[in-house]
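> I would like to see how this sequence folds:
(2 chains)
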Amino acid sequence: MVKSPSFKTTILFKKLMAEYYERGVASREKGIPIAWVTATFPVEIIYAAGLFPYYPENFGARIAARKVAGKISTAAEKQGYFPDLCAYARCSIGDAFSVEHPVGEILRPDVVFCSNAQCGTLQKWFEAAGRYYQVPFFLVDTPLIESTPTTLIKRYIVEQLHELLDFLELYTGDTFDFSRLAEVISLSNEACRLWSEILDMAALKPAPLGYFDACYHLAPIVALRGTKWAVDYYRELKNELEERLDNKVYVIPDEKYKLYFDHIPVWPRLRWFSDLLMEKKALAVASQYTHAWAWRFDLKRPLESLVKNYTEVFINRGYEYRIEQKISLMKEFNVDGFILFSNRSCKPKALGLYDKYHIISDRTGLPGVFFEADMSDERYFNEEHIKELFEDFFDRLEQKSS
Amino acid sequence: MPARKNAKSIYEDINKIVANPVRQIKRLKSRAVKIIGWVPTDVPEELIHAAGALPIGIVALDGPAVSRSTPHMQDWSCSLMRCALGMALDGSFDLLNGLIIPVICDTTRMITGIWKQTKPYVFMDNFLLPKQIDRPSAKDYLMGEMGRLKARLEQFMDRTITVSELCASIVLYNHNRSMMRKLFSFHVCHPELLGNRDIYNIIKASMLMPKELHTNMIAELLQLLEKKVDDNKTGENNYTVRLLLSGKVWEPPVIMNILDDLGVVSVGDDFCTGYRYIANDVPETGEPLKSLAVRQFNRLPIAAFAGKSGDRTNSIIKMVGETRADGVLFVHLKYCEPENYDYPMLRDDLSASGIPNFRIETEIGAAPTEKIFLQIKDFTEKLGGTVNG
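Okay, the predicted model is just below:
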């Protein structure tokens, strides 16, 4: 992120995302239904059915990055939605009740699709949206996978995908096109492969990109996965990163520390955190969040493969699995320390972190830091306190490495 | 069964159980049974009972225990779960042999891992209820999930649960629910004899004691109370306002005392620890696991589940009509996300239907009793009732 202005693909990114929103508006004019989807919904099915998938979570992140989450949220709060609810939801609801639209108006849905693999908040938020906009709400219910995925759960979700196909056939009036699904999945696979290879480059020392850069370039893998646009974009980004490596252009040329960041960033503070770390020549290089989109789909068993990837995503896993995955990423990226972010907007990520901090410290011997804030809403950001926590963390990091 | 002298002594027994769940667990443990706790809500207790264990609800809460969970849970999470974990950490549930936590929200989804880490029991289980309830897949899945829980219980208890045992447990639980419904109806007609705090304590106590004993106790109580009516000894009825209550739990319990003091009778609710717990039965014919699933899908709608058949607005409006309630009082725990998402539209829908409604926010371990009292008083006065206090 910090060095992103010098990325050539930044220009492409802005163009790509602007065109994505324009396509949404144009779709409505053409009579193509706007389908709200969640980040871990099997969007490939929605593309294959010919609908336009729209991501309110992405809308929430854009509002947050523009530093207006508090303001937009107020409009939702005036309607009786409480400030302790997820800020993405508050911003989405707030925008619907706002006169001003600092990042453009949220695209009204014709139909709402939701997977609760990430959280129960999405289920309630999207259910409320279905009621508010008076459109159908379809939930793919994804029970928690505490350790190993069971046949019962896998079968349940495959059955729900068949119900989804039935729903779509009735909704669109067309027979579902499985060959189109295979094409879309192939495009998802290619984008995910490129995304994964891009993330891997952060393991190099010094690295040509870090976690905050990955957050900046994340939107296409979330919102355009399953399209050629995402594949082209990440091919360009990867080429540029390879070029940077050839030319020895790094985020921090004299990079001293690599850090693990858990999990989502504080969007309005991307640069603030990046600068804070950079002062100490520290680069955040990995996170469960950015790695969540490194999926691999099996074209031979499309529905089962969609279920596997979207159900077994880290945020739908049990306590111990998640600790081990964090530690595994720490090892893979050879980090010197870790940062845990207790995000008020995300209980499925934040609850449990108090103990996990100690467990990870014990198992890895690495110094860590833990802070409380909100991913979007700066009203919960105590800058001075967080600075103090990080100063202490950097001291321990230096002691450990000396 | 020796006859008790009066209804008061039965209330006192019930109140003692609810006031001190730790002592109650100790008493039950002395009967040499295995005790399996369950966190609200919608855990099929009949399965636990049929396995030969005693199910105990984690429903009687000790407010000050909330702080025990502070090193493990954010203080911006639900106080119900923080209190439950806090009580476990202070040893209140040490005599439990196991614990079942249903995943009904993000906090219950996450607390199992924390609980297992900080205070593990020999048997721990996440009961994973389906969240969509309209489509056939939900029914198939719930049957499977019931079967999975049954198999785990059988393994833990080292015995098979036979069909006849499960059917017998279903009959036992149905009988208890049916008796409680009768008692609840009596409460609605005669709150001067059976007030809010008493009836809600009775429901809560049923989650903390063997059903056989509870059923006998309340059958006797009903007999005594009905006799008072027959003998024209009901006393003065100062209850002038009828409210339907809505929320997850009626915590802190002082809310019920406040309603009693103000002359407000609760005519129904969708609390997991209130009328919703007793509202419907398990069909006694057919395959018992399927019957348990049928009951689950027929239960009063709550915020955890999505689907047209579980439309909460319609359900509440219907209940208001059936109970002739003057209004709806939402009792919401602070930081309860499912309720907080439902509330604004429920409020508007009820208002649009001409149903007065009001929301109070509570937090276990931090109850601003005076504020709640004044809020409810103000609301009920607006309803036109001549409230006491």
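
> Now do the phi/psi pair for A:F261.
Comment: the main-chain dihedrals of A:F261 come out as phi -120, psi 120, following degrees, to the nearest 10.

> what about the strands in the stretch 1-150 of chain A?
A:34-36, A:52-54, A:111-115, A:137-140 (DSSP state E, counting those that start in this stretch).

> Any idea which of those gets closest to chain B?
Put simply, out of the strands of the stretch 1-150 of chain A the one that sits nearest chain B is strand A:137-140, at 4.5 Å, with distance taken as Cβ to the nearest Cβ. Glycine gets a C-beta too; all of them are placed from N, C-alpha and C.

> What residue in chain A comes nearest to chain B?
A:Y319 (2.5 Å).

> Now do that residue against B:M124, distance only.
Relative to B:M124, A:Y319 is positioned 11 Å away (Cβ to Cβ, to the nearest Å).

> Common neighbours of the two, please.
Listed as contacting both A:Y319 and B:M124 by Cβ atoms under 8 Å, 6 or more residues apart in numbering or on different chains are B:T112, B:K116.

> Can you read off the pLDDT for the residue nearest to B:D281 when sequence neighbours are not counted?
Closest residue to B:D281 apart from its sequence neighbours, by Cβ to Cβ, 6 or more residues apart in numbering or on different chains: B:N174 at 4.4 Å. pLDDT for B:N174: 98.

> Can you work out which other helices and strands pack against the host helix or strand of B:V265?
In this structure, B:V265 is located in strand B:264-269 according to DSSP states H and E. With contacts taken as 3 or more Cβ pairs under 8 Å, 6 or more residues apart in numbering or on different chains; DSSP states H and E, strand B:264-269 sits against helix B:163-189, helix B:196-206, strand B:241-247, helix B:254-262, helix B:275-278, helix B:312-323.

> hey, which of the ones you listed is tucked in deepest?
Comparing those on average neighbours per residue, with mean count of other Cβ atoms under 10 Å in any protein chain shown, the densest one is strand B:241-247 at a mean of 26.

> if we can go back for a sec, could you check which of A:Y319 and B:M124 is surrounded by more residues?
Under the criterion of other Cβ atoms under 10 Å in any protein chain shown, the comparison of A:Y319 against B:M124 puts A:Y319 first, with 22 against 19.

> Against B:L85, how distant is A:C114?
Look at A:C114 and B:L85: by Cβ to Cβ, they are 29 Å apart.

> burial count for A:G80?
14.

> no wait, A:R301
With neighbours defined by other Cβ under 10 Å, the count for A:R301 comes to 12.

> ok, now the one 4 residues further on?
By other Cβ under 10 Å, the residues close to A:S305 number 19.

> So which residues on the stretch 151-300 of chain A come close to chain B?
Counting by Cβ under 8 Å from any Cβ of the partner chain, the positions of the stretch 151-300 of chain A adjacent to chain B are A:L152, A:I153, A:R155, A:Y156, A:E159, A:Q160, A:E163.

> Between those, which sits nearest B:N216?
Ranked by distance to B:N216 (Cβ to Cβ), these are led by A:L152 at 38.8 Å.

> Next, the contact list for that closest one, please.
Taking Cβ under 8 Å, 6+ apart as the criterion, A:L152 is in contact with B:Y141, B:G144, B:E145, B:R148.

> try A:P302
When the contact criterion is Cβ under 8 Å, 6+ apart, the partners of A:P302 are A:E44, A:F178, A:L181, A:A182, A:I185.

> Retrieve the pLDDT associated with it.
Per-residue confidence (pLDDT) for A:P302: 95.

> In chain B, which residue sits nearest chain A?
For chain B, the nearest residue to chain A under the criterion Cβ to the nearest Cβ is B:G113, separated by 2.5 Å.

> Show the contacting residues for that residue.
Residues touching B:G113, when contacts are defined by Cβ under 8 Å, 6+ apart, comprise A:G318, A:Y319, A:E320, A:G352.

> OK, contacts around residue 270?
Because you didn't say which chain, this covers chain A. So A:L270 contacts A:M1, A:A65, A:F212, A:C215, A:Y216 (Cβ under 8 Å, 6+ apart).

> right idea, wrong chain: chain B
If you count contacts by Cβ under 8 Å, 6+ apart, B:D270 has them with B:L245, B:S246, B:G247, B:R276, B:L300, B:P301, B:I302, B:R312, B:S315, B:I316, B:M319.

> Close to chain A: what parts of the stretch 101-250 of chain B are there?
Contact residues of the stretch 101-250 of chain B with respect to chain A, defined by Cβ under 8 Å from any Cβ, are listed as B:103, B:105-107, B:109-114, B:116-118, B:126, B:128, B:130-132, B:135-138, B:140-141, B:144-145, B:148.

> Now the residue nearest to the spatial centre of chain B, what are its backbone angles?
Most central residue of chain B, judged by C-alpha distance to the mean C-alpha position with Cα atoms, centre = their mean, is B:T273 at 1.1 Å. Backbone torsions of B:T273, given as degrees, to the nearest 10, read phi -110, psi 20.

> hang on, isn't it packed against B:V59?
Yes: counting by Cβ atoms under 8 Å, B:T273 touches B:V59, with 5.2 Å between them.

> any shared contact partners between the two?
By Cβ under 8 Å, 6+ apart, B:T273 and B:V59 have these common neighbours: B:P40, B:K204, B:M207, B:V249.

> isn't the second one right next to B:I56, touching?
No: in this structure, B:K204 is not within contact of B:I56 by Cβ under 8 Å, at 11.5 Å.

> ok so A:K400 is a strand residue?
No: secondary structure of A:K400 (DSSP: H, G, I helix; E, B strand; the rest coil): helix, not part of a strand.

> before we move on, back to that, among the shared contacts of B:T273 and B:V59, which pair sits farthest apart?
The distance between the two most remote of the shared contacts of B:T273 and B:V59 (Cβ to Cβ) is 11.4 Å, for B:M207 and B:V249.

> Common neighbours of those two, please.
When contacts are counted by Cβ under 8 Å, 6+ apart, the set common to B:M207 and B:V249 consists of B:V59, B:T273.

> where are the low-confidence patches of the stretch 1-150 of chain B?
Within the stretch 1-150 of chain B, the set of residues satisfying pLDDT under 70 comprises B:1-5.
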